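# With the input below, show me the fold.
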Amino acid sequence: MIPLILLVVILAVVAFYCVGIYNHMITLRNLYRNAFTQIDIQLKRRYDLIPNLVEAAKGYLAHERGTLEAVIKARNSALDASRTAAQSPGSAAAMTGLSQAEGALSGALSRLLAVVEAYPDLKANQAIANLMEELTSTENKISFARQAFNDAVTDYNIQREKFPQNVIASTFDFKAAALLEVVEKAEERTAPKVSFT
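Prediction:
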């Protein structure tokens, strides 16, 4: 009788331990999903600011129509990618798509900001200055939110790879989550060559 009771106690302890691991994995997954929601909020703010900036600049930049259209096109692509990523945060395909779309949008915005810098009247416009300041503030918030998301994803991935958590993770199909990385051009990653000759 005592061996049977001992066996039941051991099985109960193992079951409770497995339930604890499962619940911890659920908690970590929900934390990184919530962290992505914070990114999504800031991205939506950014996407709302961009049409206002383009509209305010239109009067000054009628001959730069291509630049303005490129910004709006990149913004719409990034908005679509953001919606896809919001449906499955952590998905490698969704994070890659969002990273690429955000990279294209950042490039288009950089070109627009370079054009704005070239026109003193436009640069001095208070509405443009306010929008650019809000956009800069939003970019900073996006960076902080992206870091928090990547930290949460890293914690989740570490836990799902450890033993015995990896057994529970594979049994209950806890898939690896992907980081949201900034897409940089190759030339931005290489150090400039300096020559004194």
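
# any weak-confidence spans in the protein?
183-197 (pLDDT under 70).

# One more pass at 80, please.
59-64, 119-124, 182-197 (pLDDT under 80).

# and the lengthiest helix in it, what other elements does it pack with?
Assignment by DSSP state H gives helix 2-58 as the longest helix of the chain. When contacts are defined as 3 or more C-beta pairs under 8 Å, 6 or more residues apart in numbering; DSSP states H and E, helix 2-58 packs onto helix 65-87, helix 92-118, helix 126-161, helix 165-171. The way it works is simple: take the backbone N, C-alpha and C, and place the C-beta from them, glycine included.

# same for the longest one, what does it pack against?
This points to helix 126-161. helix 2-58, helix 92-118, helix 165-171.

# Please repeat the previous calculation with a cut-off of 6 Å.
helix 2-58 (3 or more C-beta pairs under 6 Å, 6 or more residues apart in numbering; DSSP states H and E).

# any idea how far the helix it packs on is from the chain center?
15 Å (C-alpha atoms, centre = their mean, to the nearest Å).

# That one to helix 126-161, inter-axis angle?
160 degrees (axes from the mean of the first three to the mean of the last three C-alpha atoms, to 10 degrees).

# by how many degrees do helix 2-58 and helix 65-87 diverge?
With the same axes, to 10 degrees defining the directions, helix 2-58 sits at 160 degrees from helix 65-87.

# Farthest from the middle of this structure: give me that residue.
residue 1 (57.6 Å; C-alpha atoms, centre = their mean).

# ok, that residue - contacts?
Not one residue lies near residue 1 by C-beta atoms under 6 Å, 6 or more residues apart in numbering.

# sec struct for residue 90, please.
coil (DSSP: H, G, I helix; E, B strand; the rest coil).

# That one contacts residue 177, correct?
Yes - between residue 90 and residue 177 there is a contact at 3.2 Å, judged by C-beta atoms under 6 Å.

# the more surrounded of these two?
Shown here are residue 90 and residue 177; by other C-beta atoms under 10 Å, residue 177 has more neighbours (26 against 23).

# secondary structure element for the more buried one?
Under the criterion DSSP states H and E, no helix or strand holds residue 177.

# how close does it sit to residue 18?
Distance, residue 177 to residue 18, using C-beta to C-beta, to the nearest Å: 21 Å.

# again, but for residue 83
Distance from residue 83 to residue 18, by C-beta to C-beta: 36 Å.

# Kindly report the same for residue 69.
Counting by C-beta to C-beta, the gap from residue 69 to residue 18 is 56 Å.

# Compare these two (neighbour count), which wins?
residue 18 (16 against 12).

# Now residue 172: phi and psi?
Torsion angles at residue 172 (phi, psi; degrees, to the nearest 10) stand at phi -100, psi 20.

# Quick check: closest non-adjacent residue to it.
residue 22 (6.3 Å; C-beta to C-beta, 6 or more residues apart in numbering).

# Now for residue 9, how many residues are close by?
10.
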